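Engineer: coords please:
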Amino acid sequence: MAIETLALIPGLPNDISAIILSYIPIPFHGRLKPTCKSWRSFFSNSSCKTLIFSLRQSHLPPLKHSHLLCIFPEDPSLSSPYLFDPTHLAWCPIPPMPINPHGYALCNFASVSIGPHVYVIGGSLFDTRSFPMDRPSPTGSSFRFDLAAGRWEALSPMMTPRGSFACAVIEDRGQIVVAGGGSRHAMFGAAGSRVGFVERYDVERDEWSPLPGLPGFRAGCVGLCVKGKEFWVMGGYGESRTISGVFPIDEYYRDAVVLELDEDDDDQIRGGWREIGDMWQNAERTQLGKIVALDDDDDDDDDD
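Structural biologist: Numbering: from 1, shown residues only. As a prediction, this is how the structure comes out:
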């Protein structure tokens, strides 16, 4: 490997130099590659990227760890997503997702993170093998980007293909939960299928398993987990109706439903869904807007 024969920083052992270079925020690594051959090799080699991430985790204090945002301008298999470091106000591209030779214009997928990994799940796309070709189809494909290694890998697909669905992470269990969804594409303001199926993905096992289904069909909804004990599904749309028998419009939900995530000895969910009342009155709004979940890390366990 090149960095074994070329000095990273003249006059210093390479192991010390590697620690120093690992302190540089990740979005700046691409700009440093042209500096010299040893730096190009160090910041490009996949094993070195893993080493950099490990050194950052072990030598940087927790408050100095970078919190990165992953931005998807459009179909991530055709256009590079971007990482944004809000602390240093720096951007850097990451490689595009593995391309599907039969699909294009992927949208309405879900993206979540667990540790140093970004997951891209499901979505709606056009498939050249389907008929008619101008009708979007849901996909169950799942991919994971390893920030430490700088590469994508394909995962087991969902049991039920879907886009526009609720998705949340149970981080302490290493699990992802998805609910509802359908086939609607961003190019169409209405129509598309709806489903009520719920699934859970185990990160370690790379395995999807079914959970109790939603009380009804629901797409375009938002999901969040509360303390790893409850999975909330909010808003969305179900049935549709037409105006003058021609123009389809959605019937939007004003309520939320909650699934208790308590498990028995066989890792099976014990309870079912409970319904929460309407979040707004008829005259206040027509549909749910953007939702942001905040986590109070300083909250004591004894507090309610």
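Engineer: where does the prediction get shaky in the stretch 1-150 of the chain?
Structural biologist: 1-5, 62-65, 131-133 (pLDDT under 70).
Engineer: ok, now with 50
Structural biologist: By pLDDT under 50, the weakly predicted segments of the stretch 1-150 of the chain are 1-3.
Engineer: quick one, helices of it?
Structural biologist: 2-5, 14-22, 29-32, 37-44, 46-59 (DSSP state H, counting those that start in this stretch).
Engineer: possible to save those as JSON lines with distance to M158 and mean neighbour count?
Structural biologist: Yep, even glycine has a C-beta here, placed from its N, CA and C like the rest. Below are those laid out as JSON lines (distance: least, CB to CB, whole Å; neighbours: other CB atoms under 10 Å):
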{"stretch": "helix 2-5", "distance to M158": "40", "mean neighbour count": "13"}
{"stretch": "helix 14-22", "distance to M158": "36", "mean neighbour count": "16"}
{"stretch": "helix 29-32", "distance to M158": "33", "mean neighbour count": "14"}
{"stretch": "helix 37-44", "distance to M158": "33", "mean neighbour count": "19"}
{"stretch": "helix 46-59", "distance to M158": "28", "mean neighbour count": "16"}
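Engineer: could you export those as JSON lines, including distance to V118?
Structural biologist: Formatted as JSON lines, these follow (distance: least, CB to CB, whole Å):
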{"stretch": "helix 2-5", "distance to V118": "27"}
{"stretch": "helix 14-22", "distance to V118": "20"}
{"stretch": "helix 29-32", "distance to V118": "17"}
{"stretch": "helix 37-44", "distance to V118": "19"}
{"stretch": "helix 46-59", "distance to V118": "14"}
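Engineer: how about those, which one is nearest N108?
Structural biologist: Judged by CB to CB, the one of the helices of the stretch 1-150 of the chain that comes nearest to N108 is helix 29-32, at 29.7 Å.
Engineer: from the chain's centroid, how far away is that closest one?
Structural biologist: 26 Å (CA atoms, centre = their mean, to the nearest Å).
Engineer: cool, stretch 233-252 as well?
Structural biologist: In terms of CA atoms, centre = their mean, the centre of stretch 233-252 is set 27 Å apart from its chain centre.
Engineer: again with stretch 231-243
Structural biologist: 22 Å.
Engineer: that stretch: end-to-end distance?
Structural biologist: The first and last residues of stretch 231-243 sit 35 Å apart, counting by CA to CA, to the nearest Å.
Engineer: and T160, which of the helices of the stretch 1-150 of the chain is closest to it?
Structural biologist: Closest to T160 of the helices of the stretch 1-150 of the chain, according to CB to CB: helix 46-59, at 33.5 Å.
Engineer: show me what that closest one is in contact with.
Structural biologist: With CB atoms under 8 Å, 6 or more residues apart in numbering as the test, helix 46-59 has contacts from 1, 3, 18-19, 21-23, 29, 41-43, 65-66, 116, 147-151.
Engineer: nearest residue to the residue most central in space within the chain other than its sequence neighbours?
Structural biologist: The residue lying closest to the centre of the chain (CA atoms, centre = their mean) is S111, at 1.7 Å. With CB to CB, 6 or more residues apart in numbering as the criterion, S111 has its nearest non-adjacent residue at 5.2 Å, and that residue is V120.
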